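Peer 1: Structure, please.
(one chain, ligands or ions: 1)
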Amino acid sequence: MTLLDELAAELAERTSAGLRRQRRVIQGPQAAEVVANGKRLLSFASNDYLGLANHPRLISAMQQATQAVGVGSGASHLITGHHVLHEELEQALARFVGLPAALLFSTGYMANMGVVAALMGRDDAVFADKLNHASLNDAVVLSRAEFKRYPHQDLAALESLLAASRARRKLVLVDAVFSMDGDIAPVPEILALCERYDAWLMLDDAHGFGVLGEHGAGILEHFNITSPRIIYMATLGKAAGVAGAFVAGEPVLIDYLLQQARTYIYTTASPAPLAAALLEALNVIRDEPQRRAHLRQLMSVLKTHTPRRWQWMPSATAIQPLLVGSNDEVLRLSEYLLTRGLLVPAIRPPTVPKGTARLRVSLSAAHSEQDVHTLINALREAEVVLESAA
Ligand SMILES: *Cc1c(COP(=O)(O)O)cnc(C)c1O
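Peer 2: A predicted model of the protein is given here:
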């Protein structure tokens with residue numbers, strides 16, 4: 001068998017198992033309504049939680065910066081790619097989350113890989129929630145540290161792993177908001193464990209930054225906590241509406257990462273106009289708290305609908321999963337909604353544990369209350385249709 005035959009056979013297996021993934025081609029901007037594969041759909045599928053991806057102030061900031069400085073950064077940050085706009089953005093991000101220093105990365109995936117691999121090695125141990133994002137898991141494998149996973153949100157299990165560990169350096173690694181469940185990690189309790197067992201705490205706030213906290217500063221503001229042990233990471237392609245990520249913490253940590261994080265060092269700096277758009281995103285997040293208030297209002301409207309057949313999972317964030325259970329049923333539900341002009345993704349194992357297939361509803365400040373009522377009405381219809389088919 002040639003390599004290509006092997007690959008084709010694997011792809012065919014995926015297809016027959018209904019697991020072959022396909023992309024939708026989007027035209028026009030990200031918004032509540034998108035044109036996907038030529039069809040206009042009301043979308044509950046993006047991470048653009050505040051509706052900033054197509055915000056006029058961000059667009060204008062990026063246009064002006066592009067006129068002024070061009071499109072390409074030309075080199076990595078440590079050669080000649082580090083622009084004053086990157087520098088200003090790092091300072092603004094650190095201030096925004098209330099930590100002393102920050103380092104900008106091109107993506108969240110790269111930030112996670114860079115940080116964990118720079119700080120941890122063979123004699124060290126990483127303690128991770130089983131439902132952490134894939135990029136955090138990959139980061140631990142890359143670091144070669146011992147990988148200790150505990151059941152989702154089970155702090156007693158985390159504590160026994162920490163207590164038993166003889167590792168040189170310990171790092172607790174956790175999603176602040178879990179991406180497929182929308183639930184929030186009990187960060188103050190986890191931090192207390194880190195203090196007791198002298199471990200670092202790295203928080204991935206991809207889904208909290210911009211959304212949680214009175215000013216949208218994320219998980220640290222939500223719990224009103226800070227600590228020199230915290231390594232804070234947030235992405236800038238979700239609520240912030242653009243692209244990229246940053247790590248924030250103590251100046252020594254940030255300086256060390258600048259020297260050692262390979263995904264920072266060996267890659268071209270992102271275009272400076274992205275940094276200009278992100279500086280404006282921070283202003284909008286600060287100036288337009290009504291976006292967060294509207295998002296919270298949409299969550300409560302959604303929860304006024306209590307389906308008979310399925311169940312809303314407990315979530316106080318923009319990610320609102322509807323637990324369906326069976327893979328087959330969640331696919332039929334998602335397909336039914338598509339026929340009604342609604343794009344809501346079905347999430348199945350192995351992305352989530354077996355038997356917990358779900359519809360992942362992502363709300364955005366770009367949605368209107370009417371949009372959420374449209375979704376509720378379609379879910380009511382779907383329930384009738386799928387019950388009569390069952
Ligand atoms: C999206 C996401 C990432 C990756 O961020 P990118 O900037 O998209 O690479 C990392 N962690 C979590 C929890 C995420 O949801």
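Peer 1: For the residue of the chain at minimum distance from the ligand, give me its contacts.
Peer 2: Residue of the chain nearest the ligand, by Cβ to the nearest ligand atom: residue 108 (2.3 Å). No exception for glycine: its C-beta is placed from N, CA and C like everyone else's. Residue 108 makes contact with 135, 204, 206, 233, 234, 235, 237, 245, according to Cβ atoms under 8 Å, 6 or more residues apart in numbering.
Peer 1: Dump these into CSV; add secondary structure and distance to the ligand as well.
Peer 2: CSV is the format used below for the contacts of residue 108 (DSSP: H, G, I helix; E, B strand; the rest coil; distance: Cβ to the nearest ligand atom, whole Å):
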residue, secondary structure, distance to the ligand
135, helix, 4
204, strand, 5
206, coil, 3
233, strand, 8
234, strand, 9
235, strand, 4
237, coil, 5
245, strand, 5
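Peer 1: Which of those sits closest to residue 215?
Peer 2: Of all these, residue 215 sits closest to residue 234, with 13.8 Å by Cβ to Cβ.
Peer 1: Am I right that that closest one is in contact with residue 218?
Peer 2: Yes - contact status for residue 234 versus residue 218: in contact at 6.0 Å, counting by Cβ atoms under 8 Å.
Peer 1: out of these two, which sits in the busier spot?
Peer 2: Under the criterion of other Cβ atoms under 10 Å, the comparison of residue 234 against residue 218 puts residue 234 first, with 31 against 27.
Peer 1: quick one: that one and residue 93, what's the gap?
Peer 2: Distance, residue 234 to residue 93, by Cβ to Cβ, to the nearest Å: 8 Å.
Peer 1: Wait, residue 97 touches residue 215, no?
Peer 2: No - counting by Cβ under 8 Å, residue 97 stays clear of residue 215, with 9.9 Å between them.
Peer 1: Identify the contacts common to these two.
Peer 2: Common neighbours of residue 97 and residue 215 (criterion: Cβ under 8 Å, 6+ apart): residue 221.
Peer 1: quick one: which of those two has more around it?
Peer 2: residue 97 (23 against 15).
Peer 1: need the residues of this protein near the ligand, please.
Peer 2: 107-109, 112, 133, 135, 175, 179, 204, 206-207, 235, 237, 245 (Cβ under 6 Å from any ligand atom).
Peer 1: Produce a ChimeraX select command limited to the buried residues of those residues.
Peer 2: To isolate the buried members of the residues of the chain next to the ligand in ChimeraX, using 16 or more other Cβ atoms under 10 Å:
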select :107,108,109,112,133,135,175,179,204,206,207,235,237,245
